[in-house]
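1. A structural model of the following input is requested.
(one chain, ligands or ions: 2)
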Amino acid sequence: MSAPRKIIIDTDPGQDDAVAILLALASPELEILGITAVAGNVPLPLTEKNARKICELAGKPETRVYAGAARPMVRSLVTAEHVHGRTGLDGPDLPEPSMPLQEGHAVDFIVETLMAEPQGAVTLCPLGPLTNIALALIREPRIATRIKEIVLMGGGFFEGGNVTPAAEFNIYVDPHAADVVFRSGVPIVMMPLDVTHKALTTAARVEAFRRLGTPVGHATAALLEFFERFDEEKYGTDGGPLHDPCVIAYLLKPELFKGRHCNVTVEIASELTMGMTVIDWWGVSGRPKNAQVMRYIDDEGFFDLLVERLARL
Ligand code: RIB
Ligand code: CA
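-> Numbers count the residues shown, from 1 in each chain. Ligands and ions are numbered 1, 2, ... in the order given. This next block holds a predicted model:
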């Protein structure tokens, strides 16, 4: 096996973030240099604590977790307790973490790591609002040419939005940060709602996690059964979309996904469409292509990968 791929996961756990972190921690192809928490689904004190809870659930208390931005760059913080519960990890009863939160700010960790690692060695994996990533790019513009790739969950186009008719949560919460990231020139792979809505946590798939019979399997089933109820009611589907693990699954098996290179531009002026990701799928705008936008997924293969990997924890 070649050397593990070095990644930083930026996250706002969040049940789906939790499954993404478990998948990464279970996969030897990846070397997690650090996990950086951002305010999003729930406030920062909870997202950083939840990240540590998940690392301990995975039996990886040595993982470095940093706290980052407590609010978006310009707008006020919007959270999603109605989806994720008051704790952000409602579902299982996970113990308070005993592993430490790292000293220092997440943005400094991202900048210092990118400046210290060889050029093109590190992939950033944002799973929440892009505040930490944008602040790092602003604090040290030189990192833009040092990042291998940004593989992010966020946005939507054919599926519309999930917070407003136009905007997906991660982008909506901090549209200005998203604008900085999509204009940065860093190679981007984007997992929008157009692909994540095709990865549903059906009852059979949740049961497959429970049948692992392990603490991770039982916790994952409980996380998903809580998380999916909001979208099942909204969309009338069997299961809800499992958004964030698509990012990690892409790193492990990119062949599970299909999409195309497009221009993506973020709305930051109109209140009606604030945070909309305008994806020029048909190439009519003439704007430069800045993201590989995924629209299709082999959902059976995706869930097979998840079960196989989580069984290792
Ligand atoms: O819109 C879905 C995204 O918003 C996911 O990352 C979920 O965890 C929330 O952060
Ligand atoms: Ca998230």
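2. all contacts plus neighbour counts: C-alpha atoms, from now on.
-> Fine.
3. now do residue 145 against ligand 2, distance only.
-> Computed with C-alpha to the ion, to the nearest Å, the distance linking residue 145 and ligand 2 is 25 Å.
4. actually residue 100, not the one I typed
-> Taking C-alpha to the ion as the criterion, residue 100 is separated from ligand 2 by 22 Å.
5. list the contacts of that residue.
-> Under the criterion of C-alpha atoms under 8 Å, 6 or more residues apart in numbering, the contact list for residue 100 reads 52, 65.
6. shouldn't it be within a strand?
-> No. In this structure, residue 100 is coil, not part of a strand, as judged by DSSP: H, G, I helix; E, B strand; the rest coil.
7. what residues does the stretch 101-250 of the chain put near ligand 2?
-> With the criterion set to C-alpha under 5 Å from the ion, the stretch 101-250 of the chain comes near ligand 2 through 127-128.
8. what parts of the stretch 101-250 of the chain come near ligand 1?
-> Those residues of the stretch 101-250 of the chain that sit near ligand 1, judged by C-alpha under 6 Å from any ligand atom, are 127-128, 153, 168-170, 243-244.
9. at 5 Å what do you get?
-> 127-128, 169-170 (C-alpha under 5 Å from any ligand atom).
10. and residue 32, what does it touch?
-> Under the contact definition (C-alpha under 8 Å, 6+ apart), the residues listed for residue 32 are 6-9, 24-25, 63.
11. would you turn the residues you listed into a markdown table with pLDDT?
-> Shown next, in a markdown table, are the contacts of residue 32 (pLDDT from 0 to 100):
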| residue | pLDDT |
| --- | --- |
| 6 | 98 |
| 7 | 99 |
| 8 | 99 |
| 9 | 99 |
| 24 | 99 |
| 25 | 98 |
| 63 | 98 |
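12. tell me which of the residues you listed fall in strands.
-> Where the contacts of residue 32 overlap with strands, as defined by DSSP state E, the overlap consists of 6-9.
13. specify which member of the contacts of residue 32 is nearest to residue 203.
-> The nearest member of the contacts of residue 32 to residue 203, counting by C-alpha to C-alpha, is residue 24 at 23.4 Å.
14. give me the residue at the spatial middle of this structure.
-> To find the centre residue of the chain, average its C-alpha atoms and take the closest one (C-alpha atoms, centre = their mean): that gives residue 127, at 1.6 Å.
15. pLDDT at that one, what is it?
-> What the model reports for residue 127 is a pLDDT of 99.
16. not counting sequence-adjacent ones, nearest residue to it?
-> With C-alpha to C-alpha, 6 or more residues apart in numbering as the criterion, residue 127 has its nearest non-adjacent residue at 4.8 Å, and that residue is residue 11.
17. where does pLDDT dip in the chain?
-> Applying pLDDT under 70 to the chain picks out residues 1.
18. how about the helices in it?
-> For the chain, applying DSSP state H gives helices covering 15-25, 44-57, 81-84, 106-116, 131-139, 169-173, 175-182, 193-196, 203-210, 215-235, 245-252, 299-310.
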